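S.K.: Kindly generate the corresponding structure for this input.
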Amino acid sequence: MATWCKEDRGLCIGLLVGALTVGSAMPHLFNALPILGAEAGIPPWRSVLLIASGSALLAALIGGIFVQAGPLHSLTAPFQPRYAWRALSDRALRLANFGYLGHMWELYAMWTWVPLFLLASYRAAGWGEVGARLAGFGSVAVGGLGCVLAGRMADRWGRTRIAALSLVVSGACALSAGLLFGSPGWLTVLCLVWGFAVVADSAQFSAAVSELSDHRYVGTALTMQTSLGFLLTLATIRLVPPLVERLGWEWAFVLLVLGPLFGIASMVRLRSLPEAVKMASGNR
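M.R.: This next block holds a predicted model:
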């Protein structure tokens with residue numbers, strides 16, 4: 001995507017991450033509907049895994065046969081493993097990656113546990129479980145729209161501004177979601193807003209890294225960013241269940257607010273750097 005897009009890079013990578021988001025939501029849809037010979041709420045996990053694996057194989061074939069590097073792709077540079085550490089040693093790249101880490105602190109914990117949070121809330125209020133599972137699907141899938149709209153806005157108004165705004169909204173949702181436990185109607189609305197905002201900034205951190213790094217090593221820089229972010233999710237996904245057990249769902253997501261706060265601070269600092277003009281055609 002980065003090799004095909006320049007002025008609209010935020011939108012293009014937003015489309016890519018948006019597709020990832022909708023794909024991530026699909027198992028929740030399978031869990032809500034009586035498909036593949038199973039009752040609603042009892043997912044046929046073997047069939048789901050086969051469908052997911054088949055889809056990955058199809059995607060690999062599409063990528064291998066039809067996808068090519070664009071005109072912005074530079075000639076292959078010599079392998080430089082030390083360049084990976086520029087993600088943390090270069091100040092602008094470090095702040096872009098810090099913003100991404102703050103975002104990832106929240107994102108996958110939210111995606112993992114909010115569908116179960118909604119299910120528990122619906123049960124507590126005596127509402128149907130199918131509705132809860134559909135709400136869980138919607139809360140994740142709506143992020144696809146968030147990625148596309150945020151990408152469009154970031155190309156015009158700046159990466160750091162849109163990323164910080166997304167972090168403010170998602171952090172506020174994480175802070176207040178527990179207050180609506182047992183009120184499934186309002187909670188569903190909040191979780192849809194949360195799902196929209198929580199991933200809307202994701203593509204903008206990738207776009208920023210692609211613009212701030214040496215064009216010869218964009219792949220290395222993005223790989224380092226993604227590896228650090230997904231490594232961090234191992235901790236936050238594991239943190240939520242003990243909090244639910246000790247404090248209840250009402251307080252389980254408050255800890256996630258630390259990520260948006262850290263990300264916002266990183267975006268504010270990045271915006272003040274002279275290197276920030278490299279992003280979004282000078283819109284920072």
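S.K.: Please, where are all the helices along the chain?
M.R.: In the chain, the segments counted as helices under DSSP state H are 9-32, 45-66, 86-89, 91-125, 129-141, 143-157, 159-176, 184-198, 202-212, 218-247, 258-271.
S.K.: what packs against the shortest one?
M.R.: The reference is to helix 86-89. helix 91-125, helix 218-247 (3 or more C-beta pairs under 8 Å, 6 or more residues apart in numbering; DSSP states H and E). Any C-beta I mention is one placed from the backbone N, CA and C, and that applies to glycine too.
S.K.: what's the distance between the longest one and the middle of its chain?
M.R.: The gap between where helix 91-125 is centred and where its chain is centred comes out at 8 Å by C-alpha atoms, centre = their mean, to the nearest Å.
S.K.: Packing partners of it?
M.R.: Using 3+ C-beta pairs under 8 Å, 6+ apart, helix 91-125 sits against helix 86-89, helix 129-141, helix 159-176, helix 184-198, helix 202-212, helix 218-247, helix 258-271.
S.K.: Comparing the helices of the chain, which comes out most buried?
M.R.: Of all these, helix 202-212 has the most neighbours on average by mean count of other C-beta atoms under 10 Å, namely a mean of 28.
S.K.: quick one: that helix to helix 91-125, angle?
M.R.: Orientation of helix 202-212 against helix 91-125 (axes from the mean of the first three to the mean of the last three C-alpha atoms, to 10 degrees) gives an angle of 170 degrees.
S.K.: CA atoms only: put stretch 60-77 into CSV for me.
M.R.: This file holds the C-alpha atoms of stretch 60-77, laid out as CSV (Å, rounded to 0.1, in the frame of the first residue of the first chain):
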residue,chain,number,x,y,z
ALA,A,60,-1.9,-15.7,-0.3
LEU,A,61,-2.7,-16.7,-3.9
ILE,A,62,-4.2,-13.3,-4.6
GLY,A,63,-1.2,-11.5,-3.2
GLY,A,64,1.3,-13.8,-4.9
ILE,A,65,-0.4,-13.6,-8.4
PHE,A,66,-1.9,-10.2,-8.6
VAL,A,67,-0.3,-7.8,-6.1
GLN,A,68,2.8,-6.0,-7.2
ALA,A,69,4.9,-3.2,-5.7
GLY,A,70,4.0,0.3,-6.8
PRO,A,71,6.0,3.1,-8.4
LEU,A,72,7.2,4.4,-5.0
HIS,A,73,9.0,1.2,-4.2
SER,A,74,12.7,1.7,-4.1
LEU,A,75,15.3,-0.8,-5.2
THR,A,76,16.1,-3.6,-2.8
ALA,A,77,18.5,-2.3,-0.1
